[in-house]
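In: Just a sequence and a predicted model for now, questions to come.
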Amino acid sequence: MLAAAAAASWAAATPAFAQAPYKPEYRLSTNVNNAFPLGRGAETWARLVSERTQGRITVKWYPGSSLVGGETTREFTALRQGTVDFNVASVINWAPHVKELNLFLLPFLVPDDKAFDALTKGEVGKDLFALIAKRGVVPLAWGENGAREISNSKHEIRKPEDLKGLKFRVVGSPIFNDIYTTLGANPTQMTFADAQPALQSGAVDGQENPLALFVGAKMTSLNQKFLTKWNYVNDPLVFAVSQKAWDSWTPADREIVRQAAVEAAKAEIADTRKGTSPGDDELIKQATAAGTKVTVLTPAEQQAFATATKPVIDKWTPQIGADLVKKAQAAVAATRGK
């Protein structure tokens, strides 16, 4: 509820310009389709808005980041410019434009769902929505992409040394280059569309993504024979609209769009957590059945990776903001033992 209230406060605080005529179509961009929770969440949002405004705001969904030539990191700029009206995106792809969003990409900051919720529903989530709003984008709700796990074609990964020399596809923020370089791997920035043939051909050895995406994209068939559940990053999604579109709507329609985002995001989070929550390992079973060897790290093994990547946290904390990082660490610490 705090996240919804925060979204409402930032939406209400955005400046009102002279209302422009409504467009016949509003364009929603995402990087994936409805084979994945993110895509299904976007699809739900588009449907709810179109239905509840009785067609005044008709939303057409464009998956595959097709409105920006497949370059997912360009969606934020398109949203600011108003060439994209709606966007559901991971903070990974917005972080190059809003450096504070790299907070969620600090390795091993967010160990579980409780920690994730503490950040997005608390003061940290409010602070980040305020920073996004200052960039000319209206954030309405937090979603969840899921804990990101690592896979490769070569061998099992249980310790930091196992990454040495492996080529990994990464995307979005440069922080991923630092994480994988620190672990001795060779990271390569690549779109999701380009990653699939690269994995198939062996141009890259591995990748990192949530389990739902690993299973949905059938990555076992892309030579991903080994997957390690290490929960090193859990990236939130943001359900947002362009300032231009927002300012063109009546207050009543803005509230419909906001409430629809909150509802769609809540459903998307529940969808993301299916098969990955304590007592529900369905996605691990599906990956195993497809032929991938799944390794679940012990707390001690996870700590070895956390220790190895601490220099990344030290490097990025000044860029993100030491006070924000400290606030996030305190919020996560408060969830321990609960």
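Out: That came in fine, so what should we check first? All figures in this text were calculated on a predicted structure; none of them were measured in a lab. Numbering: from 1, shown residues only.

In: which residues of this structure fall in strands?
Out: Per DSSP state E, the chain carries strands over the ranges 26-29, 59-62, 86-90, 137-152, 167-170, 186-189, 206-210, 226-242, 293-296.

In: neighbouring strands for the fourth one, and are they parallel or not?
Out: So that's strand 137-152. Using DSSP bridges, the strands paired with strand 137-152 are strand 206-210 (antiparallel), strand 226-242 (antiparallel).

In: One more: the fifth one?
Out: In the sheet, strand 167-170 lines up against strand 186-189 (parallel), strand 206-210 (parallel) (DSSP bridges).

In: So which of these is the most surrounded?
Out: Mean neighbours per residue, mean count of other Cβ atoms under 10 Å, is largest over the strands paired with strand 167-170 for strand 206-210, with a mean of 26. Where C-beta positions appear, they are placed from N, C-alpha and C, glycine not excepted.

In: how much does that strand deviate in direction from strand 86-90?
Out: For strand 206-210 against strand 86-90, the angle by axes from the mean of the first three to the mean of the last three Cα atoms, to 10 degrees is 120 degrees.

In: starting at the chain centroid, how far to strand 206-210?
Out: 13 Å (Cα atoms, centre = their mean, to the nearest Å).

In: for stretch 310-327, same thing?
Out: When distances are taken as Cα atoms, centre = their mean, stretch 310-327 is centred 19 Å away from the chain's centroid.

In: List the buried residues in it.
Out: Val312, Ile313, Trp316, Thr317, Ile320, Gly321, Leu324, Val325, Lys327 (16 or more other Cβ atoms under 10 Å).

In: Return the member of these nearest to Asp253.
Out: Of all these, Asp253 sits closest to Leu324, with 33.0 Å by Cβ to Cβ.

In: how about the closest one, what does it touch?
Out: Shown in contact with Leu324 (Cβ atoms under 8 Å, 6 or more residues apart in numbering): Glu100, Leu103, Val124, Asp127.

In: if we go to 10 Å?
Out: Leu324 makes contact with Glu100, Leu103, Glu123, Val124, Asp127, Leu128, Leu131, Thr317, according to Cβ atoms under 10 Å, 6 or more residues apart in numbering.

In: now do Trp230
Out: 107-108, 147-150, 157-158, 208, 295-297, 301-302, 305-306.

In: Which among those residues count as buried?
Out: For those, a burial check counting by 16+ other Cβ under 10 Å picks out 107-108, 147-150, 157, 208, 295, 297, 301-302, 305-306.

In: And those residues, which two are furthest apart?
Out: Pro107 and Thr295 (17.9 Å).

In: and the angle from the longest helix seen in the chain to strand 86-90?
Out: In the chain, taking DSSP state H as the definition, the longest helix is helix 251-273. For helix 251-273 against strand 86-90, the angle by the same axes, to 10 degrees is 30 degrees.

In: helices and strands around helix 251-273, which ones?
Out: Counting contacts by 3 or more Cβ pairs under 10 Å, 6 or more residues apart in numbering; DSSP states H and E, helix 251-273 packs against helix 2-13, helix 37-52, strand 86-90, helix 113-120, strand 137-152, helix 211-216, strand 226-242, helix 243-248.

In: can we see that at 6 Å?
Out: Secondary-structure packing of helix 251-273 (3 or more Cβ pairs under 6 Å, 6 or more residues apart in numbering; DSSP states H and E): helix 37-52, strand 137-152.

In: Select, out of those, the one closest to Asp281.
Out: Nearest of these (Cβ to Cβ): strand 137-152, 12.5 Å.

In: Restrict that closest one to CA atoms and write it as CSV.
Out: The C-alpha atoms that make up strand 137-152 are tabulated as CSV, following Å, rounded to 0.1, in the frame of the first residue of the first chain:
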residue,chain,number,x,y,z
VAL,A,137,8.6,10.3,-16.5
VAL,A,138,5.6,9.5,-14.3
PRO,A,139,6.2,6.3,-12.3
LEU,A,140,3.0,4.7,-11.0
ALA,A,141,3.8,1.3,-9.6
TRP,A,142,6.7,-1.1,-8.8
GLY,A,143,6.7,-4.6,-10.3
GLU,A,144,9.3,-7.3,-10.0
ASN,A,145,11.5,-9.1,-12.6
GLY,A,146,12.7,-11.7,-10.2
ALA,A,147,15.9,-12.9,-8.7
ARG,A,148,18.5,-13.2,-11.5
GLU,A,149,20.3,-16.5,-11.8
ILE,A,150,23.4,-17.4,-13.8
SER,A,151,23.7,-20.1,-16.5
ASN,A,152,26.3,-21.3,-18.9
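
In: if we can go back for a sec, could you export the buried residues of stretch 310-327 as CSV, including distance to Ala260?
Out: Listed next are the buried residues of stretch 310-327 as CSV, based on distance: Cβ to Cβ, whole Å:
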residue, distance to Ala260
Val312, 37
Ile313, 36
Trp316, 34
Thr317, 36
Ile320, 31
Gly321, 32
Leu324, 29
Val325, 33
Lys327, 30
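
In: just the helices and strands packed on helix 251-273: most buried one?
Out: With neighbours taken as mean count of other Cβ under 10 Å, these reach their highest mean count in strand 137-152, at a mean of 26.
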